[in-house]
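Q: Predicted model and sequence below, questions to follow.
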Amino acid sequence: MIKISPGRVALGVVGLGIGVVGISALREATLSTHEPTTEPFTELVVSARQHATEKGQTLDEMVEAQLLTCRLEVSSDFEGPIEPLGDGEFRARLVPALDETNRRQFRGCVEDFMIDGLQVDILEMHGGPD
Amino acid sequence: MKIIAWLAGIGTLLSGAVYMVVSLNRWEWNRALFFGLIVLIAEVGLATGLVLRRLARLEYTANRPDPTILKLLRENRPPTPDRFAWLRDSAARDLNVFITFLVGGGVLLSGMAWVVDRVASRSSNPMGEERLAGQLEAISYPRGGLLLDDITVLAQEVPGANDDQIRQLLRRGGRR
């Protein structure tokens, strides 16, 4: 019979506990739990930059493509066009407003590697007045 | 070098895992996939390194000779040849030592003589020769030759008196 020292058993239990807690936390953080919002819309301002992209592809259309793609991951649509503010910044409005989970999901999608050579950062994301 | 490689692999694995969890927490799936791929590559590399290290240990253990045989071989190793046994075995031990010192001393003396010869050959130069010629001027024959009387000159013509030394002595004077 294999003898296992108590120290090793304790170490294994601690490691198992850390793993279970970590996986549970990650599951909680990535689980979609939607809740009703009272705000009519969510407005966001993004900053975008491109590097070594294909010829003929403008920053405006790349940002639009990324935002439209990410819009499909949440239950809201853009109201009106995506408005360029200059200096690589854009404003858009989503209706209905995003709840907390959708906000995190939408932010993660927009700031993720979606289109080659494009990096978009969300500068502002806030709900509209009731 | 191996330690650096191991540390690089472990560091890549840990940092990739951390960034993967952070990206998952931020709902950045593509980033999480990218860092997950990095973690996977590092993990495969580290696992391969561990397996190769274990295989190398097994190979070393398998190829190691039997200690018993090794001990027998060491115990039966032929003795180191004693190249100076003749100094002890000979009855005339003192004479052998004397011969040794004689030969060694001869070699040393020959070396010293060779060095002296080389140095002496370097000491003769044109300037030295000119200086020596000047010093010998004091004891040289007079340039005008020796003052010879007629009898001496006529003596050279005497049959049977063909003396080379006298001719050498009288060369500068010549006949009058």
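A: Sure thing, it's come through.

Q: Next to chain A in this structure, residues from chain B, please.
A: Chain B comes close to chain A at residues B:Val21, B:Leu24, B:Asn25, B:Arg26, B:Trp27, B:Glu28, B:Trp29, B:Asn30, B:Arg31, B:Phe34, as judged by C-beta under 8 Å from any C-beta of the partner chain. (C-beta placed from N, C-alpha, C; glycine too.)

Q: Just send those back as JSON lines, with secondary structure and pLDDT too.
A: Shown next, in JSON lines, are the residues of chain B next to chain A (DSSP: H, G, I helix; E, B strand; the rest coil; pLDDT from 0 to 100):
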{"residue": "B:Val21", "secondary structure": "helix", "pLDDT": "91"}
{"residue": "B:Leu24", "secondary structure": "helix", "pLDDT": "90"}
{"residue": "B:Asn25", "secondary structure": "helix", "pLDDT": "89"}
{"residue": "B:Arg26", "secondary structure": "coil", "pLDDT": "89"}
{"residue": "B:Trp27", "secondary structure": "coil", "pLDDT": "90"}
{"residue": "B:Glu28", "secondary structure": "coil", "pLDDT": "91"}
{"residue": "B:Trp29", "secondary structure": "helix", "pLDDT": "91"}
{"residue": "B:Asn30", "secondary structure": "helix", "pLDDT": "92"}
{"residue": "B:Arg31", "secondary structure": "helix", "pLDDT": "93"}
{"residue": "B:Phe34", "secondary structure": "helix", "pLDDT": "94"}
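
Q: now, among those, which is nearest to A:Glu39?
A: Lowest distance from A:Glu39 to these (C-beta to C-beta) belongs to B:Trp27, with 20.7 Å.

Q: gap between that closest one and A:Thr30?
A: Distance of B:Trp27 to A:Thr30, computed by C-beta to C-beta, to the nearest Å: 7 Å.

Q: go on, B:Val115?
A: For B:Val115, the distance to A:Thr30 equals 92 Å [C-beta to C-beta].

Q: okay, these two: which has more neighbours?
A: Of the pair B:Val115 and A:Thr30, A:Thr30 is the one with more neighbours under other C-beta atoms under 10 Å in any protein chain shown, namely 17 against 10.

Q: Quick one: residues contacting that one.
A: Going by C-beta atoms under 8 Å, 6 or more residues apart in numbering or on different chains, A:Thr30 touches B:Leu24, B:Asn25, B:Trp27.

Q: now do A:Leu67
A: A:Val46, A:Phe78, A:Ile82, A:Phe90, A:Ala92, A:Val110, A:Val120.
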